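Trainee: generate coordinates for the sequence data below:
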Amino acid sequence: MGFKIVTADELIAMLKKGGYKYKWSQIHHTWRPNHSNFNGKNHLALQQGMYDYHVHVRGWNDIGQHVTLMPDGLFVTGRSFGSSPAGISGYNTGSFMVEMLGDFDKGKDKLEGAQLEAMLKLQHYLTTQAGAKIMFHREHAPKTCPGTGLDKDWFCEAVKKCNPDTPVKVSKPKTQVASDTVVNYLNLGDSNASVKALQEKLISLGYNLPKYGADGSFGQETDVAVKQFQKDHGLTADGIVGPATSKALGSAKPKVVSKPEPTKKPTLLRAGMSGEGVKQLQKKLNQFGFPAGQVDGKYGSQTETAVRQFQSRVGLSVDGIAGPNTLAAIDNYNPPKYTGLLREGSKGDSVKLLQKALGVTADGIFGPDTEKALKNFQRKNGLAADGLAGPRTWNKLF
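Mentor: Residues are numbered from 1 along each chain as shown. Model (predicted):
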């Protein structure tokens, strides 16, 4: 259904002709745009802006509402009358949805005159002839919609008292032009589900929000991201998500970020070589308890000695050259964890690991030979030569 400007009587005639029946009549206010954005000749431009936002930012397949009621009492058609709206979660099936253009929270716009009369007349038809019950958005969502200035009991009573035969006095719509006011759909300070949808869209396009993410609050981080998006797409960078920005968001494609080519790992390192590969080797050797000295990226005698010690520990050919097998073993090295004090008389797999590291027969029994080898190791490494394999000795060994 294309957008069409109709009176309340014309709208009711369309509903009658289609034989539409509904379970609920959902009542909403747009909040933004509101009365200040209406100029008497931009009915279609405002409706198009809402369509662009719903489709391009929210990702819906159509505008959310069946009709929008403008301040002059004229309706603009939207979604097909036979399809479910995108209004109140859990209550869309079998509903007819009306968006009243305005912000009807207390102290803001007032629902009065032709806009009120047209709304009452439509609701009288929906509740008396189409089977619908009136539902305010705020009844099933943490919102004020359709505005804190609108009391439901008063509204329902006014619908009952409405005389359907009384015509709504509306002026003939002026020649339609593009909206000459800025339609502030979303900007700094807003906080709602629409902001969250905007943030999710920005993130999907590569405009990251690292601090707060899609939290539904339009703060400085979101403002910066919106302005950057606008700059990137040749729009006025004002941080306001209006029709032009909404449309651009819908057609935008994720930013292509060139990734640096991964650094190739060396396959062989030996004495005399230098560079980042040697640095990484030295870091790992030091981390695992094989003293390679200062991490300076120079493969000197201390680094070579550390490589030899590592090769001996893991059972590789001891040549001091960090070739493919040695480098792979270092990358996959997972030293055994300390499980408790070992001393003469201890038995088990931990003793076997200790014996292998000391170079003695690995029978799993902590005897005199193991204790002697352990004391020698402790003396060489500046540890107390007590023959006890405690945490300091274990960490030095492994």
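
Trainee: going by C-alpha atoms from here, please, whenever you check contacts or count neighbours.
Mentor: Will do.

Trainee: quick check: pLDDT value at the closest residue to Gly348 other than its chain neighbours.
Mentor: In space, Gly348 comes closest to Gly364 once its chain neighbours are excluded; the distance is 5.0 Å by CA to CA, 6 or more residues apart in numbering. Model confidence at Gly364, given as pLDDT, is 90.

Trainee: next: Leu198.
Mentor: On pLDDT, Leu198 comes in at 90.

Trainee: again with Trp31
Mentor: Predicted confidence (pLDDT) for Trp31: 92.

Trainee: neighbours of it, just the number please.
Mentor: For Trp31, the count of nearby residues is 22 (other CA atoms under 10 Å).

Trainee: pretty sure it is touching Leu101, no?
Mentor: Yes: with contact defined as CA atoms under 8 Å, Trp31 reaches Leu101; the gap is 7.2 Å.

Trainee: which residues of the chain score low on pLDDT?
Mentor: 1-2, 172-185, 256-264 (pLDDT under 70).

Trainee: grab the longest helix from it for me.
Mentor: In terms of residue count, the longest helix belonging to the chain (DSSP state H) is helix 113-128.

Trainee: helices or strands up against that one?
Mentor: Helices and strands touching helix 113-128, by 3 or more CA pairs under 8 Å, 6 or more residues apart in numbering; DSSP states H and E, are helix 8-18, strand 24-29, strand 133-136, helix 152-161.

Trainee: what residues sit buried inside the longest one?
Mentor: What it means is helix 8-18. Buried residues in helix 8-18, counted by 16 or more other CA atoms under 10 Å: Ala8, Asp9, Leu11, Ile12, Leu15.

Trainee: the closest residue to Thr93 other than its chain neighbours: what's it in contact with?
Mentor: The shortest distance from Thr93 to any non-neighbouring residue, by CA to CA, 6+ apart, is to Ser84 (5.3 Å). Applying CA atoms under 8 Å, 6 or more residues apart in numbering, we find Ser84 in contact with Asn92, Thr93, Gly94, Ser95, Phe96.

Trainee: do that again at 10 Å, thanks
Mentor: The contact partners of Ser84, by CA atoms under 10 Å, 6 or more residues apart in numbering, come to Gly64, Gln65, His66, Tyr91, Asn92, Thr93, Gly94, Ser95, Phe96, Met97.

Trainee: just Leu388 next, same as before
Mentor: Applying CA under 10 Å, 6+ apart, the residues contacting Leu388 are Leu341, Leu342, Arg343, Glu344, Glu371, Leu374, Lys375, Gln378, Trp394.

Trainee: type out the PyMOL command that picks the buried ones from those residues.
Mentor: Written as a PyMOL command, the selection of buried residues from the contacts of Leu388, which uses 16+ other CA under 10 Å, is:
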select buried, resi 342+343+344+371+374+375+378+394
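
Trainee: CSV for the contacts of Leu388, including distance to Thr77?
Mentor: Listed next are the contacts of Leu388 as CSV, based on distance: CA to CA, whole Å:
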residue, distance to Thr77
Leu341, 81
Leu342, 84
Arg343, 87
Glu344, 91
Glu371, 91
Leu374, 89
Lys375, 91
Gln378, 88
Trp394, 79
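
Trainee: taking the contacts of Leu388 one by one, which sit in strands?
Mentor: Among these, DSSP state E puts none in strands.

Trainee: quick check: Pro266 is in a strand.
Mentor: No: Pro266 sits outside any strand when classified using DSSP: H, G, I helix; E, B strand; the rest coil, being coil.

Trainee: for the nearest residue to it once chain neighbours are set aside, give me its contacts.
Mentor: With sequence-adjacent residues excluded and distances taken as CA to CA, 6+ apart, Pro266 is closest to Gly277, at 6.2 Å. If you count contacts by CA under 10 Å, 6+ apart, Gly277 has them with Thr263, Lys264, Lys265, Pro266, Thr267, Leu268, Leu269, Gly297, Lys298, Tyr299.

Trainee: burial count for the last one?
Mentor: To tie it back to what came earlier, the one meant is Tyr299. 23.

Trainee: quick one: it and Ala292 touch, right?
Mentor: Yes: with contact defined as CA atoms under 10 Å, Tyr299 counts as touching Ala292 (9.0 Å).

Trainee: follow-up on the earlier one: any idea how far the residue nearest to Thr93 lies from Met273?
Mentor: Here the criterion is CA to CA, to the nearest Å. By it, Ser84 lies 71 Å from Met273.

Trainee: could you do Val360 as well?
Mentor: Using CA to CA, Val360 is found at 34 Å from Met273.

Trainee: and Thr7, by the same measure?
Mentor: Taking CA to CA, one finds Thr7 at 85 Å from Met273.

Trainee: those two: which is more packed in?
Mentor: Thr7 (22 against 13).

Trainee: show me what contacts that one?
Mentor: Contact partners of Thr7, counting by CA under 10 Å, 6+ apart, are 13, 69, 72-76, 118, 122, 167-172.

Trainee: among those, name the ones in strands.
Mentor: Of the contacts of Thr7, the ones assigned to strands by DSSP E are Leu69, Phe75, Val76.

Trainee: JSON lines for those, including neighbour count?
Mentor: Below are the ones in strands among the contacts of Thr7 laid out as JSON lines (neighbours: other CA atoms under 10 Å):
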{"residue": "Leu69", "neighbour count": "26"}
{"residue": "Phe75", "neighbour count": "28"}
{"residue": "Val76", "neighbour count": "21"}
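
Trainee: right, I'll call it a day here.
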